[in-house]
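[1] Could you work out the structure for the sequence below:
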Amino acid sequence: MDTQKNWNKILDIIKNQVSAVNFKGWFSKTEAAEISDTQITIKVPSAFFKDQLILKYNSIIRSSVNEALGKDLKLNFIIDSTISEKINSQKKGREEENEDSFFSLPQSQPQPVSNLNSKFTLENFVVGLTNNLAYAAAQAVIQNPGISYNPLFIYGPSGVGKTHLMQAIGNALLKKNPYLKIIIAPSEKFMNDFVQSIQTKKMGDFRSKYRNCGLFLIDDVQFISGKDSTQEEFFHTFNEIHSKNLQIVLTSDKPPNEIQKLEPRLLSRFQGGLMVDIQLPDFDTRMAILKAKLTERGESLPEDILNLIAENIVSNTRELEGKLIQILQMSRLKGETPTLDSLKNILGKPQNTNSKLDHRRVLSTVNNYFNLKLADLTGPRRQKELVLPRQLAMYILQKECGLPLERIGEILGGRDHTTIMHGVSKIDKAAQRDREIQRLLIELKHQLTN
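    Alright, predicted model coming up:
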């Protein structure tokens with residue numbers, strides 16, 4: 001039995017059942033090692049490939065084998081890391097041509113990249129059971145942009161590392177080519193720029209900005225749901241970039257099929273590449289994150305202290321880091337090393353058993369702290385002295401109470417969810433570097449939990 005000839009027959013059948021992008025991404029780096037009377041042994045380049053082929057394409061492969069060979073064979077996958085090297089060598093000319101289209105942009109000097117944070121890299125992304133597939137996919141995209149997994153769609157709850165991974169892809173590709181023009185923006189900015197371009201009659205400038213790029217990174221793409229005109233423009237922008245074999249990376253808090261009021265043609269595009277999810281970190285990953293963050297800050301804590309933090313903070317990475325910073329700040333303020341007893345007061349009850357804070361209590365606490373009235377936070381006044389208290393309230397309502405943006409907008413006098421998103425984001429960023437904001441958050445949270 002001619003193994004390779006039969007495998008090619010099987011691949012021809014598979015090709016008719018999956019998209020061209022998925023066939024290239026998943027099946028071009030496979031080989032048949034052996035075909036016996038009972039099983040077919042398939043070589044794949046990595047454990048990631050093996051897991052994904054079993055998870056997503058097992059039934060398609062088996063039915064294709066049955067159709068090509070007339071028998072139902074057991075599938076056996078083995079890992080051969082040399083496959084990628086062999087295939088890359090065979091396709092060197094073609095891939096160099098593709099890379100030229102991706103990397104060689106006619107520019108005389110490097111382009112400034114707004115919103116690309118150089119601190120987000122693959123090297124400082126903590127990998128665990130809940131995010132390893134997304135991490136491996138990001139590596140593949142960096143190795144073969146526009147070829148492997150296009151688009152890459154990363155989804156999961158807030159604060160688990162989706163934006164970090166997307167930014168890391170941008171930083172890695174920018175390092176390969178400093179001339180690369182990168183578009184990185186939340187979908188809200190895409191929508192706002194689109195609306196503004198209509199109002200100012202500068203659609204040409206808008207399209208030139210978003211379509212003439214080498215890498216297209218859009219965060220929180222779920223926010224274009226229900227926006228018909230924005231979805232129309234996004235669809236054509238997506239097609240223009242994708243048709244040039246240029247890489248697209250999208251993030252969302254939910255998979256494409258769960259985004260409400262998403263046009264079917266966009267759903268099809270989003271599902272046409274690779275979809276990977278990042279889940280809330282498990283205990284081991286939380287421990288690894290805590291240790292990594294301490295290393296970054298040049299600080300240390302005893303193992304039993306880290307264990308207690310990881311056991312109590314079971315939500316996302318952002319909350320975990322925030323609690324760690326709070327503990328370190330309290331330690332400095334008091335001039336003493338944290339103990340298990342003192343930490344229990346800070347951590348309170350474990351998150352999975354702790355009831356949600358009531359929004360009325362949050363507003364009352366913020367009002368009392370800043371000596372304001374309820375109408376000051378919820379009313380239309382925009383005085384400078386109200387901006388910070390209002391944004392702190394937005395942040396706490398979203399991060400501590402877990403309320404959706406739309407609900408927070410209702411609580412704060414009917415404000416738009418984009419206003420709430422901006423306020424939360426502003427405090428989130430400020431808390432990373434501004435000691436005064438860190439102190440305010442610590443004191444407000446302390447009052448809320450005592």
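
[2] contacting residues around the residue lying closest to P281 once chain neighbours are set aside?
    The shortest distance from P281 to any non-neighbouring residue, by Cβ to Cβ, 6 or more residues apart in numbering, is to T130 (5.5 Å). Backbone N, C-alpha and C define where each C-beta goes, glycine included. By Cβ atoms under 8 Å, 6 or more residues apart in numbering, the residues touching T130 are V160, I278, Q279, L280, P281, D282, T285.

[3] Give me the secondary structure label for the fifth one.
    P281 carries the three-state label coil when classified by DSSP: H, G, I helix; E, B strand; the rest coil.

[4] which ones are touching it?
    Neighbours of P281 in contact, by Cβ under 8 Å, 6+ apart: G128, T130, N131, V160, I289, N316, T317, L320.

[5] For the residues you listed, which single residue is the most surrounded?
    N131 (28 neighbours; other Cβ atoms under 10 Å).

[6] sorry, back to before: tell me which of the contacts of P281 fall in helices.
    I289, T317, L320 (DSSP state H).

[7] Any chance of TSV for those, columns distance to N307 and pLDDT?
    TSV is the format used below for the ones in helices among the contacts of P281 (distance: Cβ to Cβ, whole Å; pLDDT from 0 to 100):
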residue	distance to N307	pLDDT
I289	13	89
T317	17	85
L320	13	88
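
[8] Closest one to L152 out of the residues you listed, please.
    T317 (19.6 Å; Cβ to Cβ).

[9] mind listing what that closest one touches?
    V126, G159, V160, G161, P281, I289 are the contacts of T317 under Cβ under 8 Å, 6+ apart.

[10] right, and the pair among those residues with maximum separation?
    Between any two of these (Cβ to Cβ), the greatest distance is 13.2 Å, for V126 and G159.

[11] which parts of the helix or strand in which R265 is found are buried?
    Per DSSP states H and E, R265 falls inside helix 264-270. By 16 or more other Cβ atoms under 10 Å, the buried positions in helix 264-270 come out as L266, R269, F270.

[12] Ends of stretch 25-40, what's the gap?
    Separation of the first and last residues of stretch 25-40 by Cα to Cα, to the nearest Å is 21 Å.

[13] buried stuff in that stretch?
    Result for stretch 25-40 [16+ other Cβ under 10 Å]: buried residues G25, W26, F27, K29, T30, E31, A32, I35, I40.

[14] Backbone torsions only: list them for the first one.
    Think G25. Torsion angles at G25 (phi, psi; degrees, to the nearest 10) stand at phi -70, psi -40.

[15] what's the answer for the last one, then?
    In this entry, I40 is assigned phi and psi values of phi -120, psi 130 (degrees, to the nearest 10).

[16] residue contacts, the residue lying closest to it once chain neighbours are set aside?
    Closest residue in space to I40, ignoring its immediate chain neighbours: L73 at 4.8 Å, by Cβ to Cβ, 6+ apart. Contacts for L73 (Cβ under 8 Å, 6+ apart) come out as I35, S36, T38, Q39, I40, R62, V65, N66.

[17] In helices only, show me those residues.
    Reading helices off the contacts of L73 with DSSP H, I get R62, V65, N66.

[18] Now list the buried members of these.
    Looks like the ones in helices among the contacts of L73 have V65 buried, using 16+ other Cβ under 10 Å.

[19] G379: which of the ones in helices among the contacts of L73 is nearest?
    With Cβ to Cβ as the yardstick, the closest approach to G379 among the ones in helices among the contacts of L73 comes from R62, at 63.9 Å.

[20] how close does that closest one get to P45?
    Going from R62 to P45 by Cβ to Cβ, to the nearest Å gives 21 Å.

[21] what's the spacing between the helix or strand hosting F194 and its chain's center?
    Using DSSP H and E, the element containing F194 is helix 187-199. On the basis of Cα atoms, centre = their mean, to the nearest Å, helix 187-199 sits 22 Å off its chain's mean C-alpha point.

[22] got the buried residues for stretch 371-390?
    Quick answer for stretch 371-390 (16+ other Cβ under 10 Å): L372, D376, L377, T378, L388, P389, R390.

[23] The closest residue to the fourth one other than its chain neighbours: helix or strand, and which one exactly?
    I take that to be T378. With Cβ to Cβ, 6+ apart as the criterion, T378 has its nearest non-adjacent residue at 4.0 Å, and that residue is G413. For G413, there is no helix or strand it lies in under DSSP H and E.

[24] can you check the one 5 residues further on too?
    Taking DSSP H and E as the definition, T418 sits inside helix 417-430.

[25] Show me what the helix or strand just after that helix is packed up against.
    Sequence-wise, the next helix or strand downstream of helix 417-430 (DSSP H and E) is helix 435-448. On a contact count with 3 or more Cβ pairs under 8 Å, 6 or more residues apart in numbering; DSSP states H and E, helix 435-448 meets helix 317-334, helix 359-370, helix 384-399, helix 417-430.

[26] how many degrees apart are the third one and helix 359-370 in direction?
    What it means is helix 384-399. 150 degrees (axes from the mean of the first three to the mean of the last three Cα atoms, to 10 degrees).

[27] For helix 384-399, C-alpha coordinates in CSV please.
    The C-alpha trace of helix 384-399 is given here as CSV (Å, rounded to 0.1, in the frame of the first residue of the first chain):
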residue,chain,number,x,y,z
LYS,A,384,-13.3,68.7,37.1
GLU,A,385,-13.6,67.8,40.8
LEU,A,386,-16.3,65.2,39.9
VAL,A,387,-14.4,63.3,37.2
LEU,A,388,-12.1,61.2,39.4
PRO,A,389,-14.8,60.2,42.0
ARG,A,390,-17.1,59.2,39.2
GLN,A,391,-14.5,57.2,37.4
LEU,A,392,-13.5,55.5,40.6
ALA,A,393,-17.1,54.5,41.2
MET,A,394,-17.3,53.1,37.6
TYR,A,395,-14.1,51.1,38.2
ILE,A,396,-15.3,49.6,41.5
LEU,A,397,-18.8,48.8,40.1
GLN,A,398,-17.3,46.9,37.2
LYS,A,399,-14.3,45.3,38.9
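
[28] how far is it from where the chain is centred?
    On Cα atoms, centre = their mean, the centre of helix 384-399 falls 25 Å from that of its chain.

[29] what residues does that helix touch?
    318-319, 322, 357, 359, 362-363, 366-367, 369-370, 372, 376-377, 403, 405, 408, 411-412, 420, 423-424, 426-428, 440-441, 444-445, 448.

[30] can you tell me the average pLDDT over it?
    Average pLDDT, helix 384-399: 90.

[31] which helices and strands does whichever helix or strand comes after it pack with?
    Per DSSP H and E, the first helix or strand lying C-terminal to helix 384-399 is helix 405-411. Using 3+ Cβ pairs under 8 Å, 6+ apart, the elements in contact with helix 405-411 are helix 384-399, helix 417-430.
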